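Undergrad: just the structure for this:
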Amino acid sequence: EMGKYFDVLRIICHTEKKRRNADMVERKEYLDQLWAWKDERQIKVVTGIRRCGKSVLLEQYQQRLLANGVAPEQIISINFENLDYEPLKDYMRLYNYLKERLCVDKMTYIFLDEVQEVPSFEKVVDSLYIRDHVDVYITGSNAYMLSSELATLLSGRYTEIKMLPLSFREYMAVTGMAKEEAFAEFMKTGGIPYVAVMNRTDEKIDQYLEGIYNTVIVKDIEQRQTRREKESGKRKITDIALLKTIARYLASVIGSPVSMKSITDYLISAGRKVSQNTVSDYVEALTESFVFYPVERFDIVGKQLLKVNNKFYMVDMGIRNHILPRKRYDLGFTIENIVYLELSRRGGKVNIGKYGSTEVDFVTQKEGVLTYYQVTADMTAEETFEREMRPLRSIQDNYEKIVLTLDRFSLGNYDGIKVMNRPAFEVAFLPEPSPAFAVSSARYFQCHSHNPENIAPYSDTSSSHMRLPRVQMLESFLAHPLLHSQKSPLYKHQDKAPAG
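TA: The predicted structure follows:
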């Protein structure tokens, strides 16, 4: 009778999924990653913070299976957040339920969503793995499940797909906003999928993000604690107020080097008596729940990782803005955080670069190729321009070097260092239409006559506030400080400028 009940429930859930998918964001990048591993003898593990879209991803993947000829009876899908599946949280009952529904001589696709809700779930997954014609997909909201029994049992047998909230490109597609408007909203509200599709008001966004944040802080970390109690010598996470204080502190120092000692010193100065070991455990809980991502420093000369003074970046700008006081505003670090998330999406390793006494914001390594990135909100001041360019000029190799900025005046190529506009980088690596004042002066003065009326206006329809009169554009360009810096590659081309 229990088996018949669950079979009827599967039909109801399947119908509901088809209805919901019509309104949900397609995460094509992650769908393609899953599809590449289809039918491979590897367990697919999708991890990420709650409400980043893992459940919808599995539902959309199942729809793709059906569209490619897989029969409905070949798909078994269970979401353990659904109370109807509560009886299956006993691992032996779950295993027997799945075993009875395996197809004979045909592949059975098994989806276990939020599987960390099942104590000893790794035994079920391991037993399914050794069977023929079984393809297993699981999701989880806590990285701890991959650092415990599952990793021990399935070493080399699973592939992790790390899922993040929406990218800016996806956010634009979902909201239908123009680029400039979308980017401002994205920095404020973040990329949690439902926030992008909801009828947004500040109050509703705050309430929704508060629910996610509290669920992560309380429920996920509580589950993590339950599993850790089996291990001797592990301290318990019992002080939720301390956990939230540490989370607020890390959110406030995004982009700055942090050590367990510096966090401890801050807490002691605020009147909290706490040890570095306790702080380390609480920070670990926040990173394992995907609220924060630690990024190690990389010695560019020695080509080795440095173990001290990591930086921490937050999973979502909406959640960061929710937990920090409204008076805080740090555009540069917000952009830096968004760039980190985008680089992580693109695959490969992402580190902080150290070159002598200078620092490069990010160094990515993918298939043996390095790329260096600097991130800044504005480069129009000469000292800022020099500060951002100096570390990249010092690196004597032929790998790509890029500066990302919201500033449109400084765009161009400076001795091989590309200066790019931030939203253009996010949408794709294709260059966006350049306003006249954003091209290098050498090309600028060679390509245009002395009549300023020949200068084409900036015609990006998504940025109407950037459409400057032609003469004003020329005046803005000629007044730019880079044009008058003897260290700037623009300086030597002034003799090509029109008189006056």
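Undergrad: rest of the way, CA atoms for contacts and neighbours
TA: Noted.
Undergrad: now do residue 47, the pLDDT please.
TA: Per-residue pLDDT puts residue 47 at 93.
Undergrad: show me the beta-bridge partners of it.
TA: When bridges are taken as DSSP bridges, the partners of residue 47 come out as residue 140, residue 162.
Undergrad: that one reaches residue 143, doesn't it?
TA: Yes: here residue 47 reaches residue 143: they are 7.1 Å apart, a contact under C-alpha atoms under 8 Å.
Undergrad: from residue 400, how far out is residue 127?
TA: Between residue 127 and residue 400 the computed distance is 47 Å (C-alpha to C-alpha, to the nearest Å).
Undergrad: who's more crowded, those two?
TA: residue 400 (14 against 11; other C-alpha atoms under 10 Å).
Undergrad: what bridges to that one?
TA: Residue 400 forms beta bridges with residue 371, as assigned by DSSP bridges.
Undergrad: low-confidence regions, the chain specifically.
TA: Per-residue confidence of the chain (counting by pLDDT under 70) places the weak regions at 1-24, 147-150, 223-235, 327-329, 423-500.
Undergrad: for the lengthiest strand in it, packing partners?
TA: Using DSSP state E to assign secondary structure, the strand with the most residues in the chain is strand 304-314. Using 3 or more C-alpha pairs under 8 Å, 6 or more residues apart in numbering; DSSP states H and E, the elements in contact with strand 304-314 are helix 240-252, strand 292-299, helix 331-345.
Undergrad: next structured bit after it?
TA: As assigned by DSSP states H and E, the chain's next helix or strand after strand 304-314 is helix 317-323.
Undergrad: how about that next one: buried residues?
TA: Buried residues in helix 317-323, defined by neighbour count with 16 or more other C-alpha atoms under 10 Å: 317, 318, 319, 320, 321, 322, 323.
Undergrad: please report how far the second one lies from residue 246.
TA: Residue 318 sits at a distance of 18 Å from residue 246 (criterion: C-alpha to C-alpha).
Undergrad: cool, and the third one?
TA: As for residue 319, its distance to residue 246 is 15 Å (criterion: C-alpha to C-alpha).
Undergrad: what of the fourth one?
TA: For residue 320, the distance to residue 246 (C-alpha to C-alpha) stands at 13 Å.
Undergrad: can you pull up the most central residue in the protein?
TA: Compute the mean C-alpha point of the chain, and by C-alpha atoms, centre = their mean the closest residue is residue 341, 3.3 Å away.
Undergrad: so how far is the longest strand of the chain from its chain's centroid?
TA: Put simply, strand 304-314 sits 17 Å off its chain's centre (C-alpha atoms, centre = their mean, to the nearest Å).
Undergrad: contacts for it next, please.
TA: The contact list for strand 304-314, computed with C-alpha atoms under 8 Å, 6 or more residues apart in numbering, reads 250-251, 254-259, 291-299, 320, 337, 340, 352.
Undergrad: which of these are buried, as a ChimeraX select command?
TA: Command for ChimeraX, covering only those of the contacts of strand 304-314 found buried under the criterion 16+ other C-alpha under 10 Å:
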select :250,251,254,255,257,258,291,292,293,294,295,296,297,298,299,320,337,340,352
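Undergrad: can you pull out the strands in the chain?
TA: Taking DSSP E as the criterion, the chain carries its strands at 43-47, 75-79, 108-113, 134-140, 158-162, 292-299, 304-314, 349-355, 358-366, 369-376, 400-405, 412-414, 417-421.
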